[in-house]
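1. need a 3D model of the sequence below.
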Amino acid sequence: MATYLVTGVAGFIASKVAEMLLAEGHCVVGIDNLNDAYDVRLKHWRLERLKMKPNFTFHYLDICNRQDLCDLFSLNSVKESKFDAVINLAAGRFHLMPRRKRQPKYFVIPIIISMELT
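-> Below is the predicted model:
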């Protein structure tokens with residue numbers, strides 16, 4: 001049994017990946033900032049389904065917040081301090097975001113931070 005960190009876990013693809021990993025008996029630590037790139041009710045619905053699974057742990061966390069992300073990897077922050085793999089599926093749906101939020105920082109920073117941690 002492995003422990004996976006799945007980013008953007010309340011999104012469509014990431015929630016399905018988490019479900020499949022859990023169904024195979026793995027542990028999943030999911031993180032998401034639950035942004036409003038699209039209807040947040042969908043994200044909450046997916047998240048509530050995942051929270052019913054015994055090997056799932058959720059952290060409300062924005063991967064753009066470097067300190068929170070680093071804390072997640074420390075022994076003090078999470079019981080599952082060693083991840084066997086990180087599946088980075090955190091992303092925004094740029095074309096669905098309101099124009100006022102269409103800024104590169106919403107998409108470039110998460111990719112850069114995740115690359116720095118690998």
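
2. just the pLDDT at residue 18, thanks.
-> At residue 18, the model reports a pLDDT of 97.

3. state the three-state secondary structure for it.
-> helix (DSSP: H, G, I helix; E, B strand; the rest coil).

4. isn't it right up against residue 9?
-> Yes. Contact criterion Cβ atoms under 8 Å: residue 18 and residue 9 qualify, at 5.4 Å. C-beta coordinates here come from the backbone N, C-alpha and C atoms, glycine included.

5. who touches both of those two?
-> 28, 30, 50 (Cβ atoms under 8 Å, 6 or more residues apart in numbering).

6. in the protein, which segments are predicted with low confidence?
-> For the chain, applying pLDDT under 70 flags the ranges 75-81, 92-118.

7. helices of that one, residue ranges please.
-> Here the chain has its helices, by DSSP state H, at 12-23, 40-51, 66-72, 105-117.

8. highest average neighbour count across the ones you listed?
-> helix 12-23 (a mean of 18; mean count of other Cβ atoms under 10 Å).

9. any chance you could list what contacts that helix?
-> 4, 6-9, 28, 30, 32, 42, 46-47, 49-50, 53, 55-56, 87, 89-90.

10. from the residues you listed, keep the buried residues only.
-> 4, 6-9, 28, 30, 32, 46-47, 50, 56, 87, 89-90 (16 or more other Cβ atoms under 10 Å).

11. pick the one among the shared contacts of residue 18 and residue 9 closest to residue 69.
-> For the shared contacts of residue 18 and residue 9, the minimum distance to residue 69 (Cβ to Cβ) is 13.5 Å, reached by residue 30.

12. my read: the closest one touches residue 57, true?
-> Yes. The criterion here is Cβ under 8 Å, and residue 30 meets it with residue 57 at 7.1 Å.

13. who are the contact partners of residue 30?
-> Applying Cβ under 8 Å, 6+ apart, the residues contacting residue 30 are 5-7, 9-10, 14, 18, 47, 50, 56-59.

14. try it again at 7 Å.
-> By Cβ atoms under 7 Å, 6 or more residues apart in numbering, residue 30 lies in contact with 6, 9, 18, 50, 56, 58.

15. perfect, I'm done here.
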